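Visitor: Fold the following and give me the result.
(6 chains)
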There are 6 protein chains.
Amino acid sequence: MSNVLKLGLPKGSLQESTFELFKKAGWAIKPTSRSYYPNVNDPELQITLVRAQEMARYIEDKVLDAGLTGSDWVLESGCKVRHVADLVYAKQGMRKVRWVLAVPESSKIKSVKDLKGKRVATELVNVTKKWLKEHKVKADVEFSWGATEAKPPELADAIVELTETGSSLKANHLKIIDTVLESNTVVIANTAALDDPWKKEKLNNLILLLQGALNAETKVGLKMNVMKSRLRNVLLVLPALQTPTVAELSNPDWVDVDTIVDEKVVRDIVPKLTKAGAKGIVEYPLNKLIY
Amino acid sequence: MSNVLKLGLPKGSLQESTFELFKKAGWAIKPTSRSYYPNVNDPELQITLVRAQEMARYIEDKVLDAGLTGSDWVLESGCKVRHVADLVYAKQGMRKVRWVLAVPESSKIKSVKDLKGKRVATELVNVTKKWLKEHKVKADVEFSWGATEAKPPELADAIVELTETGSSLKANHLKIIDTVLESNTVVIANTAALDDPWKKEKLNNLILLLQGALNAETKVGLKMNVMKSRLRNVLLVLPALQTPTVAELSNPDWVDVDTIVDEKVVRDIVPKLTKAGAKGIVEYPLNKLIY
Amino acid sequence: MSNVLKLGLPKGSLQESTFELFKKAGWAIKPTSRSYYPNVNDPELQITLVRAQEMARYIEDKVLDAGLTGSDWVLESGCKVRHVADLVYAKQGMRKVRWVLAVPESSKIKSVKDLKGKRVATELVNVTKKWLKEHKVKADVEFSWGATEAKPPELADAIVELTETGSSLKANHLKIIDTVLESNTVVIANTAALDDPWKKEKLNNLILLLQGALNAETKVGLKMNVMKSRLRNVLLVLPALQTPTVAELSNPDWVDVDTIVDEKVVRDIVPKLTKAGAKGIVEYPLNKLIY
Amino acid sequence: MSNVLKLGLPKGSLQESTFELFKKAGWAIKPTSRSYYPNVNDPELQITLVRAQEMARYIEDKVLDAGLTGSDWVLESGCKVRHVADLVYAKQGMRKVRWVLAVPESSKIKSVKDLKGKRVATELVNVTKKWLKEHKVKADVEFSWGATEAKPPELADAIVELTETGSSLKANHLKIIDTVLESNTVVIANTAALDDPWKKEKLNNLILLLQGALNAETKVGLKMNVMKSRLRNVLLVLPALQTPTVAELSNPDWVDVDTIVDEKVVRDIVPKLTKAGAKGIVEYPLNKLIY
Amino acid sequence: MSNVLKLGLPKGSLQESTFELFKKAGWAIKPTSRSYYPNVNDPELQITLVRAQEMARYIEDKVLDAGLTGSDWVLESGCKVRHVADLVYAKQGMRKVRWVLAVPESSKIKSVKDLKGKRVATELVNVTKKWLKEHKVKADVEFSWGATEAKPPELADAIVELTETGSSLKANHLKIIDTVLESNTVVIANTAALDDPWKKEKLNNLILLLQGALNAETKVGLKMNVMKSRLRNVLLVLPALQTPTVAELSNPDWVDVDTIVDEKVVRDIVPKLTKAGAKGIVEYPLNKLIY
Amino acid sequence: MSNVLKLGLPKGSLQESTFELFKKAGWAIKPTSRSYYPNVNDPELQITLVRAQEMARYIEDKVLDAGLTGSDWVLESGCKVRHVADLVYAKQGMRKVRWVLAVPESSKIKSVKDLKGKRVATELVNVTKKWLKEHKVKADVEFSWGATEAKPPELADAIVELTETGSSLKANHLKIIDTVLESNTVVIANTAALDDPWKKEKLNNLILLLQGALNAETKVGLKMNVMKSRLRNVLLVLPALQTPTVAELSNPDWVDVDTIVDEKVVRDIVPKLTKAGAKGIVEYPLNKLIY
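Guide: Down below sits the predicted model:
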């Protein structure tokens, strides 16, 4: 069936933010009575919800054409799949996450070298073992069924655990002593799917819109009126993210300047823009931004 | 009192989406201690919440000037009122709803003809009887006090029931075998109100804004920069919904193209626009759109 | 530490709307394990949550540089602090609040003069005593620990109480017979902070953005296409809030008119704009507006 | 199928308290995917949820053998069914409910006689018409689709409406001027079912346990130690609801008195019991009480 | 009006547990439209909800006859009222609460003596000042409008704060260094009320039942069958709280032993009872227990 | 530390019902800031929350003395621990749970024999492999990270999954074709702990009370007055669960009969008891029952 792309999306903690991202990109995903096979308003897509840990396995086996999952679980699985794109978002925000080595605040373990002979609990057993081997450290790596951050010191000497903000580790009185792996959401596919021109283009168009929606989350539009004589000053303040659009107005002495900036710089450049002579500065929201 | 329009709004399942629509159009409706006579921030409007089934009766009797309700209940009531406008929205989305004839999945009833001598449960008794008469079928039509979809096969042989998505029928193992009536939200008024020029204009202005808010729900703005040499290609991709606004830029080789499109086509035309040469494509949200 | 502004924000009923306003202005405030010392994504700001009643005291004592609180509590405290700006917002909307003198609907007390010898319950004891003195009335002013509006007539003859909409007073069968004080949110600071040029500019820039976010809450953008021949008619309809931006289009007979208006006037001017010849009227939302 | 009793239970406002009552009586009712045909842990019972208004109709038609509903809706339906037992409970408590004639507090209508020529809105059209006829009053009785209490004075002159506590009427500024009908929950059945000895006994046993559970809701156990010399005094204080159980103790001077009393009298008799010489008074809860 | 007892109950954090206690004692308190003057199902009681801090003042002024509040606020108020009974319960359990002196975990303040010249924040200003005076320490005691536990070290050097479990203090990294006051719920009244025989008896009966309900919360019934030959062993295990009731059985070799014990000792004595020869041990719940 | 029993309790789906059971038995477990090491009101117990899957491992390693978990996970782990007691309860009720082999309703797989060469997904990999081996079937058993019931037919041919009621399987259109393992909650311990007399008795006493609380959940007390002449008839109706206690009354013609029965038989025996001559039958609740 070459007119349908079988796409896996991650079930669980990433699911809600993934559905929201697809909605912003233009695809509405709705639950059905078979809750792991949701409907999507695009007959060319067939979506399966799969645990992030199992995504690579099902794509390698060609049960699915492509999917979104964390690069950590792709590595852990050891499966052979192709990396197509990075989509940097996560449960709590637009950033990478880290698997870190953490120990109790009062532990004598200061670095990976001190792990020799110790018990390390983690859900990422294979990656952790490989990393310890690279550091030439022999330790007992145990698979943890969850609640890993609560185990030290009674049930484990150290853990390798995922963290976005570190707050859960801190709440359990653990400190981070090393980073084992950085991870972000990736789009992966198998070679067979990428060799099918229709599937490849479908996947690329999907990524173009997902990326456009992701861009819009951290950007805003900024427009203002500027006297031509002060235009140069104003343009110097604006970041070089994109060439601003300068439009002629009926009043020949003034122009309209319209541009896209990172939302987080607005609070810094607005005071500078007013000093440089911008009038009637308007910040407006975006839905999508495709460079 | 010619300076106040007495307007009925539907109490119940449509109420929340109706209030939201009025809010978007510019009228904030707030609950009072008399919960069915809410306040509205417009001294020229007096709002009464009335069950959809009773709306036409109170407008015919001139207790109210005009109101919003479903066209199904206008027909069921048999009241004489004037149809002023259609507003296509419903509880779960922007579309028409249907009253359908449904029977158990395993029923031998295949079409309206098989209803002869059967028990049909419905809340829409008059319309159903008239429809059966047109099909020359004699059946026992019983008024149902609710939960109609759960009645077959024990308590009824067939039902005539409202459906937006069909999911409630499916959950009760019923299948649709015919459509009795399509319905959507309408604005109705009595002749006396429409003969009063002030009331007529007030009602028309209100509808203009409600329609403008409804338009905005399914449309977005799309703007982009285009080299003049590629403008024609880009314009060919854009739907003919409205003539795009093409604005001169300070850089005489480029123009700014700004247009309104259906949100649902964006995911299809963005890849084409990038191929045609559009740069910095921005999708932005709308509050209202009045053609 | 001259590179950090120590800013107090009001804990309690104003807290949520204050955090939202800061978010719109560009500062994300997040709870920490010490919930009254939240994090903010700006190393130049250090935020402390303080009860509105205590804000002026801590600023006068230089524990804090500046803060947001109600002008009522500044007055009540009797502390010496400098008024820097007004930010007109409150719990339920963008407006001032009032401390009013209220009595039971059936009370014989008709004006402040009738309070002689009566029991007045209030949380604003100092301001109330001063106000009574100005009116040359001797009454027994008692500090109320809360639930003041429920006290008359059993526990007090009259109360001086805060009200935004009057609905809580009405629900307790009280009537307002005078206004003791109008109040709104203010930014206050101590002289030492204002004498530090860095702190003064930091505070002013913060206020500029807060004001910009506040402006955007009640304004929208409105743009439309107009034939040049009808431009004058259209411009006459638009409020004089700001000079509209009139941009040239590729089609030399038409212009694009883009302006900012109060959201609440849109429903009134849209019908007039269509009559005056505006086409494709689009209302769009704003994030910030800095004049 | 003579070994199954087909029992209708009221869907809607009475449903939750009915399920709780059955649970206390020993029957656990659980939802199924067909939500109106719940499971019950008794193969001899088959439960169907039916609107209270429709119960009598389905029992008369022998679709069901028996059912619980309000005596009001039995009367309104005009159906021929047999009254088997009263079960006095309702949504908010263990008492009868009333259908009352209510008018606006400021209405000139003072009694049923003043209704001549007026509009009366009600859900209980047949009973109301019959009642007016008995009072020889001609009025326009309109079927109301709900929210009846909000209709006067704009949409109706008077209403006939169900009330347990009167609070909803008061909140709508209505006053009660007459009682049209008292109603309570009843068990009804058709003659065919009552002529089947198995069904009749099954139904009677069910009622015995339901009544036992109802009794327990308002009763408690009370036991105490009493010196024989003071026993007579103590017994005089106890209500004559049931003969107390007086048990011999090892200590021959004392007896143990154990009895069942209305929970609401406990606060009154406990002080009297202590004065009469009761020691170690214990109040304990009951699950069921069958006289 | 000598047949009504005007009783104040504490509004706020104690309110819910107070209402529950009254319900168990036999008085159902229900909200009304005037929410601080709830209904109670006893025409001889008139309940007013008053802040715990203001209770003593209104009783001293004879606005109320009697009331429940904390002994801390009685002391703080300095009002002259009579102590009638202790009712040991609090928000989170059946125990006394404490006002403690707390400082940051890292503070150099080790005892009350170190407070000289420091800032102490508290809601209990008068009691704290008196306590400091008794310890001959001069410190600056500031009234705190709430959130006191979050103030140190920035806004106060030490605090005097209420604690039941200490968990809120610990969460704010404070340590307790002294106890300023122990407090529990008390019943207070004014002399005039206690001099009225009807009011005095009414209040005493109320307290009898409240105390009976409180007793039942921490006690359970325990009954068992015992061979007469082993009765002595079994009785030795039972706590001396109350003489057990020993009842003759039809089988003359056995007796039934029924007693009341603290719930918290059951887990310790049950193993001993089985060893001592008790059979069929049953623990059952109590509603009230009046010694 | 021989005076503390280190006890593991299952974190996750069984946690809430386990805590409730301990509460009924007399131990209150409260969360702390280290949420997996809760407090318990018994200094002789130290509780650690551990995933059911990991319990046996930590007990075998002597990190814990004893623990509650499912017998399924003990078997899956392959660890050497001692079985001390069965406690038959589970998430939704007092019964065993089953791991079943399930396939799509339309699958051709009819029995374990048809699994040859198929993909079986399960969380219970070791038990499943052993069971297939016993049936001499070679299949591909894959570890499933969850949501197993949604996998067939796309992602697996069959699953081995836990079920209490079968409703989740039915909702996924799966049918059960075999039972792989029955499981219930067990108390396990290591030999070292059982060899310590103090720990052994502590654990046995704990189990005695837990079992006493479990018994009480499905049993009730039933007492009644009976004329001596009809006592034999009444006793014949009562189940032989326990010898009823027959107590002499002051009235020598009557006795009081008090017994414990399964709650579920009450509805059947009450009608028989009334026929046999029992009067004033009272059913009352139990907290604990120790035979």
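
Visitor: Show me what from chain A comes close to chain B.
Guide: A:25-27, A:33, A:41, A:205, A:208-209, A:212, A:216, A:221, A:242, A:245-248, A:255, A:258, A:260, A:284-291 (CB under 8 Å from any CB of the partner chain). C-beta: built from backbone N, CA, C; applies to glycine.

Visitor: Which members of those occur in strands, if any?
Guide: Counting by DSSP state E, the part of the residues of chain A next to chain B found in strands is A:221, A:245-248, A:255, A:258, A:260, A:284, A:288-290.

Visitor: Would you point out the most distant pair within those residues?
Guide: A:248 and A:288 (26.8 Å; CB to CB).

Visitor: between those two, which one's more packed in?
Guide: residue A:288 (27 against 17; other CB atoms under 10 Å in any protein chain shown).

Visitor: Please look at that one and residue A:216 and confirm they touch.
Guide: Yes. Assessed by CB atoms under 8 Å, residue A:288 is found in contact with residue A:216 at 5.0 Å.

Visitor: Return every residue with contacts to both of the two.
Guide: A:24, B:283 (CB atoms under 8 Å, 6 or more residues apart in numbering or on different chains).

Visitor: Can you tell me which residue of the stretch 151-291 of chain A sits closest to chain D?
Guide: residue A:206 (35.5 Å; CB to the nearest CB).

Visitor: Spatially nearest residue to the residue of the stretch 1-150 of chain A found nearest chain B, not counting backbone neighbours?
Guide: Closest to chain B within the stretch 1-150 of chain A is residue A:26: 3.4 Å, counting by CB to the nearest CB. Excluding its sequence neighbours, the residue lying closest to residue A:26 (CB to CB, 6 or more residues apart in numbering or on different chains) is residue B:267, at 3.4 Å.

Visitor: In terms of helix, strand or coil, where does that neighbour fall?
Guide: Following DSSP: H, G, I helix; E, B strand; the rest coil, we place residue B:267 in the helix state.

Visitor: The one 3 residues further on now?
Guide: For residue B:270, the secondary-structure state derived from three-state DSSP is helix.

Visitor: That one: how many residues sit nearby?
Guide: 24.

Visitor: Same question for residue A:123.
Guide: The burial count for residue A:123: 21, using other CB under 10 Å.

Visitor: Chain neighbours aside, what residue packs nearest to it?
Guide: residue A:144 (5.6 Å).

Visitor: My guess is that neighbour contacts residue A:121. True?
Guide: Yes. Contact criterion CB under 8 Å: residue A:144 and residue A:121 qualify, at 4.2 Å.

Visitor: So these two - more neighbours on which side?
Guide: residue A:121 (26 against 23).

Visitor: Quickly check: the helix or strand containing that one near chain F or not.
Guide: According to DSSP states H and E, residue A:121 maps onto strand A:119-122. No. On the criterion CB under 8 Å from any CB, strand A:119-122 is out of touch with chain F, staying 9.4 Å away.

Visitor: How far away from the center of its chain is whatever helix or strand comes next after that strand?
Guide: Later in the chain than strand A:119-122, the nearest helix or strand by DSSP H and E is helix A:125-134. From the chain centre to the centre of helix A:125-134 is a distance of 24 Å (CA atoms, centre = their mean, to the nearest Å).

Visitor: quick one: average confidence on stretch A:215-232?
Guide: Across stretch A:215-232, pLDDT averages out at 93.

Visitor: Check stretch A:72-81 too.
Guide: 95.

Visitor: which other residues reach that stretch?
Guide: Under CB under 8 Å, 6+ apart, the answer for stretch A:72-81 is A:52-57, A:59-60, A:83, A:97, A:99, A:124-127, A:162, A:181, A:183, A:186, A:188-190.

Visitor: From residue A:279, how far off is residue A:88?
Guide: 36 Å (CB to CB, to the nearest Å).

Visitor: cool, residue A:236 as well?
Guide: 17 Å.

Visitor: So if I had to pick from these two, which one is more boxed in?
Guide: residue A:279 (16 against 9).

Visitor: quick one: contacts for that one?
Guide: Residue A:279 makes contact with A:224-226, C:291, according to CB under 8 Å, 6+ apart.

Visitor: Mind checking which of these land in strands?
Guide: Secondary structure assignment by DSSP E places A:224-226 of these in strands.
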